[in-house]
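Undergrad: Here is my input; please provide its structure:
(chains A and B)
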Amino acid sequence: AQSVTQLDSHVSVSEGTPVLLRCNYSSSYSPSLFWYVQHPNKGLQLLLKYTSAATLVKGINGFEAEFKKSETSFHLTKPSAHMSDAAEYFCVPQGILTGGGNKLTFGTGTQLKVEL
Amino acid sequence: ETGVTQTPRHLVMGMTNKKSLKCEQHLGHNAMYWYKQSAKKPLELMFVYSLEERVENNSVPSRFSPECPNSSHLFLHLHTLQPEDSALYLCASSQDRPQGLGVTQYFGPGTRLTVL
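TA: Presented below is the predicted three-dimensional model:
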């Protein structure tokens, strides 16, 4: 079974400074991992995903994440934070359902605050 | 309309009412999902439909009754709900394939449900 740990429940950065949201995974095989973002009172939007094709994954809005097997990590980064990045971020492992469909297992996420 | 739409966006109901939530996906996908997002709790998967067949029922009480009449529409019928059922209900869809890790789920904006 797969699981992830988002090491910080809240992260606060200043606008224009780098963002680092940490995620460590636990899996007995190569996982499929997603980062989703949820702005207040909105649905979830996919930022990027890792599917074993490339370890450095580029996503939308300048975000990227690097899959590091040796560290069992998939941290999300952005060089320069913008006010609009303030939201909740979820690192999510994916599993397969035997009857069809797939299963995303969400944790409690990391709340990113961006200050002027 | 594009993507995944949900109606209504907000719903207030009494414990004795019967109501339905509607989800429609315009992406040609073959799997649809209901999730519940309660305050300060992780997103919980409720139901999964793949090719219009229910493949997952995640121990959801019978006062929630899903229906998937075709691959584009998903309903969640509600009756005799409790105040603790107040939450954001999110619908998602995906295009699944065999050994389908890495398949993206696309989310709707959600229905904010309040049970009085």
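
Undergrad: going forward, measure contacts between C-alpha atoms and count neighbours the same way
TA: OK.

Undergrad: Would you mind listing what in chain A touches chain B?
TA: Applying C-alpha under 8 Å from any C-alpha of the partner chain, we find that chain A lies next to chain B at A:32-33, A:41-46, A:49-51, A:94-109.

Undergrad: Against chain A, how distant is the most centrally placed residue in chain B?
TA: Central residue of chain B (C-alpha atoms, centre = their mean): B:W34, 2.6 Å from the mean position. According to C-alpha to the nearest C-alpha, to the nearest Å, B:W34 and chain A sit 11 Å apart.

Undergrad: circling back to that earlier point, pull out the buried members of the residues of chain A next to chain B.
TA: The neighbour count (16 or more other C-alpha atoms under 10 Å in any protein chain shown) marks A:32-33, A:42-46, A:49-51, A:94-96, A:100-109 as buried among the residues of chain A next to chain B.

Undergrad: Leaving out the residues flanking it, which one is nearest to A:Y89?
TA: A:V37 (4.5 Å; C-alpha to C-alpha, 6 or more residues apart in numbering or on different chains).

Undergrad: all strands for chain B, in order.
TA: Per DSSP state E, chain B carries strands over the ranges B:4-7, B:10-13, B:18-25, B:31-37, B:44-50, B:53-57, B:64-70, B:73-79, B:87-94, B:106-107, B:111-115.

Undergrad: Can you tell me the strand partners of the second one and which way each runs?
TA: With DSSP bridges as the test, strand B:10-13 is paired with strand B:111-115 (parallel).

Undergrad: hey, what's the residue nearest to the centre of chain B bridged with?
TA: Here B:W34, judged by DSSP bridges, has bridge partners B:F47, B:C91.

Undergrad: ok, it to B:K18 distance?
TA: Using C-alpha to C-alpha, to the nearest Å, we find B:W34 at a distance of 18 Å from B:K18.

Undergrad: Which residues lie in contact with the closest residue to B:K22 other than its chain neighbours in this structure?
TA: Closest residue to B:K22 apart from its sequence neighbours, by C-alpha to C-alpha, 6+ apart: B:F75 at 4.6 Å. Taking C-alpha atoms under 8 Å, 6 or more residues apart in numbering or on different chains, we find B:F75 in contact with B:20-23, B:66-68.

Undergrad: now do B:H73
TA: B:H73 neighbours (C-alpha under 8 Å, 6+ apart): B:22-25.

Undergrad: The same query, at a cut-off of 10 Å, please.
TA: B:4-6, B:22-26, B:32, B:52, B:67, B:93 (C-alpha atoms under 10 Å, 6 or more residues apart in numbering or on different chains).

Undergrad: Quick one: residues contacting the nearest residue to A:H10 once chain neighbours are set aside.
TA: The shortest distance from A:H10 to any non-neighbouring residue, by C-alpha to C-alpha, 6+ apart, is to A:Q111 (4.7 Å). By C-alpha under 10 Å, 6+ apart, the residues touching A:Q111 are A:8-12, A:21, A:37-39, A:86-90.

Undergrad: Could you work out the most separated pair of these?
TA: Maximum pairwise distance in the contacts of A:Q111, criterion C-alpha to C-alpha, is 17.7 Å, between A:D8 and A:H39.
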